[in-house]
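A.B. asks: got a predicted structure here, sequence first:
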Amino acid sequence: MSKVRPGPRKRRPRAEQDTSAEAWRGRLHLWIDICGHGAVGPGKLRLLDAIAATKSLSAAAKKLRMSYRLAWKHLQLIEERTGLNLVDRQRGGRSGGGTELTPDGRALLEAYRDWRGEVEEHMHTTFRRHFAHWQKSGCEKS
């Protein structure tokens, strides 16, 4: 039996050649550690967001191009580390199964988005203050 190999991964599109005054930009990734262990970060939040959109762990995994097993493990890890029940699961059958975010799951997703927005706003302000004199250069070379 031959192995099924996934197709090529989609690459992120390259940023357009930006010669504007803000060619330099700060970027950050935020994670939440609980008791010294990574619990929630951008990838796991994308999983929760995909579950909210598709109402299915299987469909969310496909959307994110990850295996169902890995998605399941990520979900278990988040719930274990946060101590929150983040999804309501319904087994398949005639009416079909499904996975929906609980109120705690939606609240965690929203709190992370709000926190990230506030941190990014502060980061952009301080980035401009510290790097404004260099922002006019940098995009001519590829």
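C.D. replies: In hand now; what should we look at? Residues are numbered from 1 along each chain as shown.
A.B. asks: just the residues contacting stretch 31-45, thanks.
C.D. replies: Residues outside stretch 31-45 that contact it (CB atoms under 8 Å, 6 or more residues apart in numbering): H29, L30, H74, L77, I78, R81, T82, L108, L109, Y112. From N, CA and C alone the C-beta is placed, and that goes for glycine too.
A.B. asks: start and end of it, how far apart?
C.D. replies: One end of stretch 31-45 to the other measures 10 Å (CA to CA, to the nearest Å).
A.B. asks: off-centre distance for it?
C.D. replies: 11 Å (CA atoms, centre = their mean, to the nearest Å).
A.B. asks: report the buried residues of it.
C.D. replies: I32, A39, V40, K44, L45 (16 or more other CB atoms under 10 Å).
A.B. asks: just put these in CSV and tack on pLDDT, secondary structure and distance to T125.
C.D. replies: Output for the buried residues of stretch 31-45, formatted as CSV (pLDDT from 0 to 100; DSSP: H, G, I helix; E, B strand; the rest coil; distance: CB to CB, whole Å):
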residue, pLDDT, secondary structure, distance to T125
I32, 93, strand, 23
A39, 88, strand, 28
V40, 90, strand, 25
K44, 92, helix, 28
L45, 92, helix, 24
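A.B. asks: tell me which of those is nearest to R91?
C.D. replies: For those, the minimum distance to R91 (CB to CB) is 23.3 Å, reached by K44.
A.B. asks: gap between the closest one and Q135?
C.D. replies: 33 Å (CB to CB, to the nearest Å).
A.B. asks: kindly report the same for R129.
C.D. replies: 11 Å.
A.B. asks: out of the two, which sits in the busier spot?
C.D. replies: Set R129 next to Q135 and count neighbours by other CB atoms under 10 Å: Q135 wins out with 15 against 8.
A.B. asks: residues in contact with the nearest residue to that one once chain neighbours are set aside?
C.D. replies: Nearest non-adjacent residue to Q135, counting by CB to CB, 6 or more residues apart in numbering: W24, 4.6 Å away. By CB under 8 Å, 6+ apart, the contact list for W24 reads F127, F131, W134, Q135, G138.
A.B. asks: the fourth one contacts A23, correct?
C.D. replies: In this case it means Q135. Yes - between Q135 and A23 there is a contact at 6.1 Å, judged by CB atoms under 8 Å.
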